[in-house]
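1. can you look at this prediction? I've put the sequence above it.
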Amino acid sequence: MDYEASGSLVSGDFTVGKRGGRTAYVRGAGSIPGPDAGSARVAFRLDRVAFFDLWVGQITVTDRASGVQTVAPYLGVPSVNGSTVSGTAFSLQVLSGPPFLAQVRVAWAVTDAG
């Protein structure tokens with residue numbers, strides 16, 4: 001199954017926050033237009049670990065019209081460019097038939113417009 005949703009928020013709010021002058025977290029939830037005339041609900045809770053560039057957290061994507069519901073844990077070093085943070089997370093989604101599980105790649109980017 002291929003799925004892609006991107007765009008500006010139609011509801012909700014995200015924050016790209018700083019600590020000690022460095023981009024340190026992404027938090028929030030909101031909806032963006034989905035590909036099947038639905039709405040994709042996306043939630044982020046990502047934090048930079050202390051003094052490392054390593055980030056931990058999770059991204060949740062739900063789009064009922066497209067049959068997508070996944071929680072992708074994140075452990076990695078995202079790209080930080082000004083107020084934009086981006087990366088890739090992976091999760092598994094349960095399927096109704098064989099092979100019963102599918103790997104889900106969640107490529108994400110959040111820009112705080114201020």
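-> Perfect, I can see it now.
2. per-residue pLDDT, the residue most central in space within the chain?
-> Most central in the chain under C-alpha atoms, centre = their mean is I59, positioned 4.0 Å from the mean C-alpha point. pLDDT for I59: 92.
3. so it touches G76, yeah?
-> No - using C-beta atoms under 8 Å, I59 makes no contact with G76, being 11.6 Å away. Just so you know, the C-beta spots here come from the backbone N, C-alpha and C atoms, and that holds for glycine as well.
4. the residue nearest to the centre of the chain pairs with what?
-> Applying DSSP bridges to I59 gives these bridge partners: F44, A72.
5. quick check: the gap between it and D2.
-> 18 Å (C-beta to C-beta, to the nearest Å).
6. over to the residue lying farthest from the centre of the chain. Which of the three states is it?
-> Centroid-distance maximum for the chain: P98 at 26.9 Å, with C-alpha atoms, centre = their mean. Following DSSP: H, G, I helix; E, B strand; the rest coil, we place P98 in the coil state.
7. let me know the pLDDT of it.
-> The model's pLDDT for P98 equals 85.
8. show me the shaky parts of the protein.
-> The model of the chain has pLDDT under 70 over residues 1, 51, 114.
9. now do the strands in it.
-> 11-19, 22-33, 39-48, 55-63, 68-76, 79-81, 84-94, 101-111 (DSSP state E).
10. got the contact list for V110?
-> F14, V16, V26, F44, T84, V85, S86 (C-beta atoms under 8 Å, 6 or more residues apart in numbering).
11. please check these and keep the buried ones.
-> Using 16 or more other C-beta atoms under 10 Å as the burial test, the contacts of V110 include F14, V16, V26, F44, V85 as buried.
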